[in-house]
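> sequence and predicted structure below; questions after.
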Amino acid sequence: MKWPLCGPKLSLCCSIISVWGVIQFALMGIFFFVKAAPLLEDFEFDGKNETDINKFNEKLETAFHQRAYNCWIAAFLYIALLVFAGMQFMTNLKKSSRTNIPTSITSPFAGVTTEHDGCNSQYGVQFPNNQSET
């Protein structure tokens with residue numbers, strides 16, 4: 001991408017949230033796939049009132065697997081968001097390195113030098129010299 005769609009802070013925030021989303025949904029998908037018992041109370045499924053144990057187990061397994069696939073789909077969507085946000089972040093870094101104007105991700109004092117009289121050569125600001133020799 002040649003031009004960023006979002007700024008450096010937003011792209012970094014989206015990247016961090018995406019990493020967390022990938023971890024959370026991947027783990028939840030694994031737990032649903034192995035039919036973790038604590039997750040049973042969190043969802044409704046069609047066969048809750050079945051009297052035949054085989055039909056109940058079949059519908060329960062189908063419900064667990066469907067939720068596992070849903071979690072994995074969400075994890076892949078977060079991966080796509082992570083790729084997009086990472087590309088935006090890198091685009092912002094490249095853009096800020098090409099210009100001498102400091103962005104919010106770089107230090108506002110980048111490129112500031114002081115001369116021998118304490119006058120800032122970039123902005124013309126004079127800094128007091130409060131250093132005492134001991």
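It's in. Numbers count the residues shown, from 1 in each chain.
> make sure residue 35 is indeed in a strand.
No - under DSSP: H, G, I helix; E, B strand; the rest coil, residue 35 falls outside any strand and is assigned coil.
> correct me, but it touches residue 64?
Yes - assessed by Cβ atoms under 8 Å, residue 35 is found in contact with residue 64 at 4.8 Å. For the C-beta atoms, the positions are set from N, CA and C on the backbone; glycine is no exception.
> more crowded one of the two?
residue 64 (20 against 14; other Cβ atoms under 10 Å).
> now do the contacts for the more buried one.
32, 33, 35, 39 (Cβ atoms under 8 Å, 6 or more residues apart in numbering).
> quick one: average confidence on stretch 71-84?
What stretch 71-84 shows for mean pLDDT is 96.
> pull out the buried residues from it.
Going by neighbour count (16 or more other Cβ atoms under 10 Å), the buried part of stretch 71-84 is 71, 72, 74, 75, 78, 79, 81, 82, 84.
> so which two of those residues are the farthest from each other?
Spanning the widest gap among these are 71 and 84, at 20.5 Å by Cβ to Cβ.
> wait, what's in contact with residue 26?
71, 72, 75.
> mind listing the helices for the protein?
Taking DSSP state H as the criterion, the chain contains helices spanning 8-33, 53-98.
> and of those, who's closest to residue 46?
Using Cβ to Cβ, these put helix 53-98 closest to residue 46, at 5.7 Å.
> angle of the closest one against helix 8-33?
With axes from the mean of the first three to the mean of the last three Cα atoms, to 10 degrees applied, the angle from helix 53-98 to helix 8-33 works out at 160 degrees.
> contact partners for the closest residue to residue 18 other than its chain neighbours?
Spatial nearest neighbour of residue 18, excluding adjacent residues (Cβ to Cβ, 6 or more residues apart in numbering): residue 82 at 3.7 Å. Residues near residue 82 by Cβ under 8 Å, 6+ apart: 14, 15, 18, 19, 22.
> state the distance from residue 36 to residue 30.
When distance is defined by Cβ to Cβ, to the nearest Å, residue 36 is 9 Å away from residue 30.
> which residues are in contact with each of the two?
Taking Cβ under 8 Å, 6+ apart as the contact rule, residue 36 and residue 30 touch no residue in common.
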